[in-house]
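> What follows is a predicted structure for the sequence shown.
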Amino acid sequence: MTQAAVIAEGLVKEFGSVKALNGIDLTVERGQVVGLLGPNGAGKTTAVRILSTLLTPTAGRAMIAGYDVVKQPEQVRKAIGLTGQAAAVNEYLTGRENLMMFGALYHLPKTYVKERTDYLLESFELTEAANRPAKTYSGGMRRRLDLASSLIAQPSILFLDEPTTGLDPRSRLGMWDVINDLVANGTTVLLTTQYLEEADQLAQQIVVIDHGLVIAKGTAEELKDQIGGDRIEISIVDPSRVNEAVDAIRAVASGEPLVEELKISAPVSGGSTVLVEAVRALDSQGVEVSDLVLRRPTLDDVFLHLTGHVAEEDKPAEKPKRGRSRS
């Protein structure tokens, strides 16, 4: 099939006088990860609930795997898996029993469910804990069990609604590895997140929403390009030399420098050669520097530029260090 896995056109959702979605358009191609990025309250979860048939849109239409979410909800549910913000596992059942229960809810053959359960427990590194109650699992293990449950029926499309919320950095990194493995095997993923680093790492396309509106879309690099190229940042030693430092940076910058106490930053072009030019300009002004760096804009910069506030307003996520360990 050539049709996109997920197509949403003009989705609106109103709760009384509150408009949670204000006409968003969204397309997820097959085999792709699309990150739906925004702060808490932006409308991410509402969009996922509509696409997974848990809510009915006030206006607009959505097609999942070629099926209309309003007119053909049963067909949509057969094509998708869903992992919400909280792990939907029964704490008093074992890991194996949880997976078997989900298989029964899908009315799948018992022989298939048993084989699929064994496969998922092994794939998600839960075999040793398979016969322990889920209440004894760590947060990372519960999230992996939750994700495994959503895959019991082998859905071609997976909705992940902030799947790493509340996880420690190591467990978050483990979940990233799991998601990458799924995509490598052909699964289509719509990922909602407020963690900018997560979207940068996982998504081929990013859709930024705020107050129920799509405010930007593109690859991570395309979004970064919207606010210009590299930025030079310097920290000076003597506060009385700020004006001289600004003049020096202005001479090599492609835009007006910004000053925050002893830190000066400005957009630049020309790559690493601008660092040499900046050092020479600062030396000519007799300005002593404690730090000088050239950096690429981040998605944090993009979000701040687009919305005027950072994405992770409630609790910034600690940036995971790379490694393949899982907990």
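Right, received. Where do you want to start?
> domains of this protein?
Listed by automatic domain parsing, the domain ranges of the chain are 6-224, 229-296.
> Pick the most deeply packed of the ones you listed.
Most buried of the domains of the chain, by mean neighbour count (mean count of other Cβ atoms under 10 Å): domain 6-224, with a mean of 19. Using the backbone N, CA and C atoms, a C-beta is placed for each residue, glycine as well.
> Could you tell me the end-to-end distance of that one?
Chord length of domain 6-224, first to last residue, is 25 Å (Cα to Cα, to the nearest Å).
> any idea of the mean pLDDT in that domain?
Predicted confidence along domain 6-224 averages 92 (mean pLDDT).
> Distance from the chain centre to it, please.
11 Å (Cα atoms, centre = their mean, to the nearest Å).
> can you give me the helices in the stretch 151-300 of the chain?
169-184, 196-202, 220-225, 242-250, 273-285, 299-307 (DSSP state H, counting those that start in this stretch).
> pretty sure Thr117 is touching Gly103, no?
Yes. Contact criterion Cβ atoms under 8 Å: Thr117 and Gly103 qualify, at 6.8 Å.
> just to revisit the earlier point, and the domains of the chain as JSON lines, adding distance to Leu304?
Converted to JSON lines, the domains of the chain look like this (distance: least, Cβ to Cβ, whole Å):
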{"stretch": "domain 6-224", "distance to Leu304": "10"}
{"stretch": "domain 229-296", "distance to Leu304": "12"}
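> for the ones you listed, which one sits closest to His305?
With Cβ to Cβ as the criterion, His305 lies closest to domain 6-224 of those, at 9.4 Å.
> Next, show the common contact partners of Thr117 and Gly103.
Ile152 (Cβ atoms under 8 Å, 6 or more residues apart in numbering).
> which helices and strands sit right next to the helix or strand containing Arg96?
Arg96 belongs to helix 95-105 when assigned by DSSP states H and E. For helix 95-105, the contact count by 3 or more Cβ pairs under 8 Å, 6 or more residues apart in numbering; DSSP states H and E identifies helix 110-123, helix 139-150 as packing neighbours.
> quick revisit: can you check which of the helices of the stretch 151-300 of the chain gets nearest to Ile50?
Closest among the helices of the stretch 151-300 of the chain, using Cβ to Cβ: helix 196-202, at 20.6 Å.
> what helices or strands is that closest one leaning on?
Using 3+ Cβ pairs under 8 Å, 6+ apart: helix 196-202 touches strand 33-37, helix 169-184, strand 188-193, helix 299-307.
> what would these look like in JSON lines with distance to Ala148?
Putting the helices and strands packed on helix 196-202 into JSON lines (distance: least, Cβ to Cβ, whole Å) gives the following:
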{"stretch": "strand 33-37", "distance to Ala148": "19"}
{"stretch": "helix 169-184", "distance to Ala148": "9"}
{"stretch": "strand 188-193", "distance to Ala148": "15"}
{"stretch": "helix 299-307", "distance to Ala148": "29"}
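> which neighbours does the helix or strand encompassing Ala62 have in its sheet, and in what orientation?
If you go by DSSP H and E, Ala62 is part of strand 59-64. Counting by DSSP bridges, the strands paired with strand 59-64 are strand 6-15 (antiparallel), strand 67-68 (antiparallel).
> how about a markdown table for those, with distance to Leu223 added?
Shown next, in a markdown table, are the strands paired with strand 59-64 (distance: least, Cβ to Cβ, whole Å):
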| stretch | distance to Leu223 |
| --- | --- |
| strand 6-15 | 20 |
| strand 67-68 | 31 |
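> right, so of those strands, which gets closest to Asn180?
Closest of those to Asn180 is strand 6-15, at 19.3 Å (criterion: Cβ to Cβ).
> so after that closest one, what's the next helix or strand?
strand 18-28.
> so who does the spatially closest residue to Val246 that is not a sequence neighbour touch?
Residue nearest to Val246 in three dimensions, not counting chain neighbours: Pro257, with 5.2 Å by Cβ to Cβ, 6 or more residues apart in numbering. Listed by Cβ under 8 Å, 6+ apart, the contact set of Pro257 reads 246, 249-250, 264-266.
> CA-only coordinates of stretch 48-68 in CSV, if you can.
Below are the C-alpha coordinates for stretch 48-68, written out as CSV (Å, rounded to 0.1, in the frame of the first residue of the first chain):
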residue,chain,number,x,y,z
VAL,A,48,-3.2,10.5,19.9
ARG,A,49,-6.5,9.7,21.6
ILE,A,50,-8.4,10.8,18.5
LEU,A,51,-6.1,8.8,16.2
SER,A,52,-6.5,5.7,18.3
THR,A,53,-10.3,6.0,18.4
LEU,A,54,-10.5,6.9,22.1
LEU,A,55,-11.9,10.3,21.4
THR,A,56,-14.2,11.6,18.6
PRO,A,57,-13.0,14.7,16.8
THR,A,58,-15.2,17.8,16.8
ALA,A,59,-14.2,18.5,13.2
GLY,A,60,-11.8,17.2,10.6
ARG,A,61,-10.9,13.7,9.6
ALA,A,62,-8.2,11.1,10.2
MET,A,63,-7.3,7.9,8.4
ILE,A,64,-5.2,5.2,10.0
ALA,A,65,-3.9,2.4,7.6
GLY,A,66,-6.5,3.5,5.2
TYR,A,67,-9.4,3.4,7.7
ASP,A,68,-11.5,6.3,9.0
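> Thanks a lot, see you next time.
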